[in-house]
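>>> could you work out the structure for the sequence below:
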Amino acid sequence: MGAERVESWYMGVDVGTGSCKCVLVDQGARLLGLGSHEYASQSSHGKWQEQDPESIFQAMIASVRAALEQAGELPGEAGGISIGSALHSLVALDENDRPLTGVITWADGRAVEQAQRIKSRPNSEALYRRTGCPVHGMYPLYKIIWLREQRPEVFAKAARFASVKEYILARLCGRQISDYNLAAGSGLLNATSLDWDDLALDLAGVKPAQLPELADPRQVLGKLKAEHADRMGLPAGTPLVLGASDAVNSSLGCGSVFPWRATCNIGTSGALRVLVEQPLLDEHAHSWCYPVDSGHWLVGGAINNGGITLSWLRKVINQATADSHIPYERFEQLAEGAEPGAGGLLFLPYLAGERSPNWNLDARGVFFGLSLEHDLRHLTRAVMEGVAFRMRSLNEMLLDLSGELREIRASGGFVESSLWVQILSSVLGRTIDLPAVEEPASLGTAFWAMMADGTLGGYADIDRLIGIRRRVSPVEVDLGTYDQLYVLYNQVYAALADSFTHIAAFQRGMEPDNRSLK
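Numbers count the residues shown, from 1 in each chain. Below is the predicted model:
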């Protein structure tokens, strides 16, 4: 008989756009400790969204230490730590790996014109077919082009381009390496060959040597550098596992490991996605398709405007109530006071432009149907319903692309609002399952360490670890209301398409030109 397996524990770190979160779990995925540390934008004037790389790295250290402190005495030994991050970030590094820019996030809109120019070229369709990425200024590919054109002195000094996760990994273990999924989110990876794409590289003006090596997310990178392990409170021999992006990790953490089970995530932004066993591309380039490993792809669509819409409304209202800021819970109560359909008030939630399905960074937010009968109750409910209508667009797109979707599991901050989940269920006309897990993106990150050492044999093994805490079904009497308003919602968007272009050009013309990179 072989030796009995030693009990192990695992850590998953999720580097988000506003905070870093870490979970510590045992071999049964039971939560032992949770840590979190926030950080702010370095600059966000106009369309720029950058963060300080050092602040993010230090937040990662702090979140791990906090999870360990909460856990207290741990069983067995460290099985491994894995790190995930948001897709589509970019930082330019010099020959000594010092940042030349801040971390340019997915929400940064500086590369609109570069993307529009390439979208008008005959080879734009081929670019989508090769990379699985619709032509859109969100992708780092176009931000690299922007740097080359607008900041040539920075581009000339850039020895390497990396995501925030790759920057962190290089500091932790000395390797410049990326998983296939995060690399795909740059717009520079060939989605079928799993290598850097020649056409994309040519457009960006970069060489493969300026990008990280590529590997499967189960790859063990080695051991943490002693100095960083000590600061985090981890054993020096803790294995570091490559892992994937927050998009894949969130799906794994929700147990969405079958092609017929989708994950609906609404946090700051939002997405609807499935894990499939072959690449799927939309004939109109409405969806994205990012490889995870050599036999799996993450397919779906994303929106720029999820919970950020309600945050915006709260901020606007609170500007007039400096002495007593209204909490989020009060906004949910206000929305509950309005009937489904918000009294015929529609909200087009394009405050930060649009991704799927139309990939229009010029789209802008609109309240349509305002009358003297409407008040803050209707405005708040219309915001929630407007985001749900966006998710319905993604649901229709994904159904056309992948076929039957038997289940939808929800994650993200919006699940804390029972009303918002109920609205989504009724707008989609679908039952929504809420997994019984905390921080699914961090938990999904930890699963890579568990797969790397054989604790989990593969994706299907994750299913048994994820239970459902609540199931939300549509309100039958609301279905007709939402069906009718959804048709009108799409008509309003189509009617405003040209106007979006003009108002966005006007707004860009008013932006200050006093920005500077690090």
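
>>> who's in contact with stretch 393-402?
259, 262, 271-274, 276, 280, 282, 286-287, 299-303, 356-357, 405, 408, 428, 430, 490 (Cβ atoms under 8 Å, 6 or more residues apart in numbering). Placement of C-beta: from N, CA and C, glycine included.

>>> switch the cut-off to 6 Å
When contacts are defined by Cβ atoms under 6 Å, 6 or more residues apart in numbering, stretch 393-402 is touched by residues 272, 274, 280, 282, 286-287, 300-301, 356-357, 428.

>>> from the residues you listed, list the buried ones, please.
Burial by neighbour count, judged by 16 or more other Cβ atoms under 10 Å, picks out 272, 274, 280, 282, 286-287, 300-301, 356-357, 428 from those.

>>> now render these as JSON lines, adding pLDDT and secondary structure.
Output for the buried ones among the contacts of stretch 393-402, formatted as JSON lines (pLDDT from 0 to 100; DSSP: H, G, I helix; E, B strand; the rest coil):
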{"residue": "Leu272", "pLDDT": "97", "secondary structure": "strand"}
{"residue": "Val274", "pLDDT": "97", "secondary structure": "strand"}
{"residue": "Leu280", "pLDDT": "96", "secondary structure": "coil"}
{"residue": "Asp282", "pLDDT": "93", "secondary structure": "coil"}
{"residue": "His286", "pLDDT": "94", "secondary structure": "coil"}
{"residue": "Ser287", "pLDDT": "96", "secondary structure": "coil"}
{"residue": "Gly300", "pLDDT": "96", "secondary structure": "strand"}
{"residue": "Gly301", "pLDDT": "96", "secondary structure": "strand"}
{"residue": "Ser356", "pLDDT": "93", "secondary structure": "coil"}
{"residue": "Pro357", "pLDDT": "93", "secondary structure": "coil"}
{"residue": "Leu428", "pLDDT": "98", "secondary structure": "helix"}
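
>>> can you pick out the most distant pair from those residues?
Spatially, the most separated pair among the buried ones among the contacts of stretch 393-402 is Leu280 and Leu428, at 20.5 Å (Cβ to Cβ).

>>> separation between the spatially most central residue of the chain and Glu396?
By Cα atoms, centre = their mean, the mean C-alpha position of the chain lies nearest to Ala86, the distance being 5.0 Å. Using Cβ to Cβ, to the nearest Å, Ala86 is found at 26 Å from Glu396.

>>> circling back: among the buried ones among the contacts of stretch 393-402, pick out the one closest to Gly174, please.
Out of the buried ones among the contacts of stretch 393-402, the member with the shortest distance to Gly174 (by Cβ to Cβ) is Gly300, at 34.0 Å.

>>> list the beta-bridge partners for that closest one.
Arg273, Trp288 (DSSP bridges).

>>> residue contacts, it?
By Cβ under 6 Å, 6+ apart, the neighbours of Gly300 are 271-273, 398.

>>> need those in CSV (columns: distance to Ile317).
Listed next are the contacts of Gly300 as CSV, based on distance: Cβ to Cβ, whole Å:
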residue, distance to Ile317
Ala271, 27
Leu272, 29
Arg273, 32
Leu398, 34
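
>>> show me which pair in the residues you listed is furthest apart.
Ala271 and Leu398 (10.3 Å).

>>> pick out whichever of these two has more residues nearby.
Ala271 (28 against 25; other Cβ atoms under 10 Å).

>>> Three-state assignment for that one, please.
Of the three states, Ala271 takes strand according to DSSP: H, G, I helix; E, B strand; the rest coil.

>>> kindly state the pLDDT recorded for it?
At Ala271, the model reports a pLDDT of 96.

>>> I'd say it and Asn265 touch.
Yes - counting by Cβ atoms under 6 Å, Asn265 is a contact partner of Ala271 at 5.0 Å.

>>> so Leu465 sits against Ala29, correct?
Yes - at 4.3 Å, Leu465 counts as touching Ala29 under the criterion of Cβ under 6 Å.

>>> for Ala62, which non-adjacent residue is spatially closest?
Nearest non-adjacent residue to Ala62, counting by Cβ to Cβ, 6 or more residues apart in numbering: His37, 4.1 Å away.

>>> now swap in Ser19 and tell me
Glu38 (4.3 Å).

>>> look up phi and psi at the residue nearest to the centre of the chain.
Torsion angles at Ala86 (phi, psi; degrees, to the nearest 10) stand at phi -60, psi 150.

>>> again, but for Val366
phi -140, psi 130.

>>> one more: Gly365?
For Gly365, the backbone dihedrals (degrees, to the nearest 10) come out as phi -70, psi 150.

>>> could I get the pLDDT score of it?
97.

>>> ok, now which ones touch it?
So Gly365 contacts 350-351 (Cβ under 6 Å, 6+ apart).

>>> that one and His502, how far apart?
15 Å.

>>> domain ranges for the chain, per the record?
9-244, 255-507 (automatic domain parsing).

>>> ranges for the strands of the stretch 51-200 of the chain?
Here the stretch 51-200 of the chain has its strands, by DSSP state E, counting those that start in this stretch, at 77-85, 91-93, 103-104, 160-162, 177-179.

>>> who wins for proximity to Met232 among the ones you listed?
Comparing these by Cβ to Cβ, strand 77-85 comes nearest, at 8.5 Å.

>>> mind listing what's buried in the closest one?
Along strand 77-85, these residues count as buried under the neighbour rule (16+ other Cβ under 10 Å): 78-85.

>>> which residues are in contact with it?
6, 8, 10-15, 164-165, 235, 238-241, 243, 246, 249, 445, 448-449, 452-453.

>>> just checking: what are the partner strands of that strand?
Here, using DSSP bridges, strand 77-85 pairs with strand 8-15 (parallel), strand 239-241 (parallel).

>>> out of the ones you listed, flag the one nearest Gly509.
strand 8-15 (34.9 Å).

>>> where do the strands sit along the stretch 351-500 of the chain?
Using DSSP E, counting those that start in this stretch, strands in the stretch 351-500 of the chain cover 366-368, 407-411, 432-435, 468-472.

>>> and the shortest one, what does it pack onto?
Packing partners of strand 366-368 (3 or more Cβ pairs under 6 Å, 6 or more residues apart in numbering; DSSP states H and E): strand 346-348.

>>> do that again at 10 Å, thanks
Strand 366-368 sits against strand 346-348, helix 376-402, helix 479-510, with contacts defined as 3 or more Cβ pairs under 10 Å, 6 or more residues apart in numbering; DSSP states H and E.
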